[in-house]
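In: predicted model and sequence below, questions to follow.
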Amino acid sequence: MIHGMNHFTILTEDLDATTAFYERFLDLRVGERPDLGFPGAWMYARNGNEPILHIIAGRPMPEDPAGVIDHMAFTGAGLADHLARLDAAQVKYLVRRQRGSGTWQVFFDDPNGAKVELDFDPAEPGPA
């Protein structure tokens with residue numbers, strides 16, 4: 001029986017830039033990772049105890065960074081703050097309101113070309 005999603009794994013050519021990106025824009029933190037015999041990092045939600053994003057370095061990058069996975073989505077809080085951080089860093093993004101639920105969705109790419117989605121409660125104020 002499946003209980004939920006365990007983690008996403010992405011590849012990178014620049015481990016430091018990738019971990020810094022996720023720390024800055026998703027408020028994730030680098031945490032414990034066993035010696036797997038290759039470079040990488042495990043990233044955790046700020047107050048979480050389980051890694052949710054695995055980053056592997058030192059492997060060849062695929063020609064199409066997306067492959068068959070379209071995007072990874074995270075639930076967040078503080079829409080205005082997240083947009084301000086993206087704006088300050090000049091990261092291009094798309095904001096839209098999901099039909100039906102009204103959930104705010106923000107889409108942008110990480111430094112490796114992986115598409116990230118952040119979902120915010122519909123009660124949060126929208127962008128100016």
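Out: Cool, got the structure. This is a predicted model, so every value here is computed, not measured.
In: so which bits of the longest helix seen in the chain are buried?
Out: Secondary structure assigned by DSSP state H gives helix 15-26 as the longest helix of the chain. By neighbour count on 16 or more other CB atoms under 10 Å, the buried set for helix 15-26 is 15, 18-19, 21-22, 25-26. From N, CA and C alone the C-beta is placed, and that goes for glycine too.
In: where's the residue nearest the centre of the chain, which helix or strand?
Out: Relative to the mean C-alpha position of the chain, the nearest C-alpha, by CA atoms, centre = their mean, is the one of V116, at 5.0 Å. Using DSSP states H and E, the secondary-structure element containing V116 is strand 115-120.
In: same question, R59
Out: Assessed by DSSP H and E, R59 sits outside every helix and strand.
In: skipping its backbone neighbours, what lies nearest it in space?
Out: Taking CB to CB, 6 or more residues apart in numbering, and ignoring the residues beside it in sequence, R59 has L11 as its nearest neighbour in space, at 5.7 Å.
In: so that neighbour sits in a strand?
Out: Yes - L11 forms part of a strand when assessed by DSSP: H, G, I helix; E, B strand; the rest coil.
In: what's the spacing between it and A17?
Out: Taking CB to CB, to the nearest Å as the measure, L11 and A17 are separated by 13 Å.
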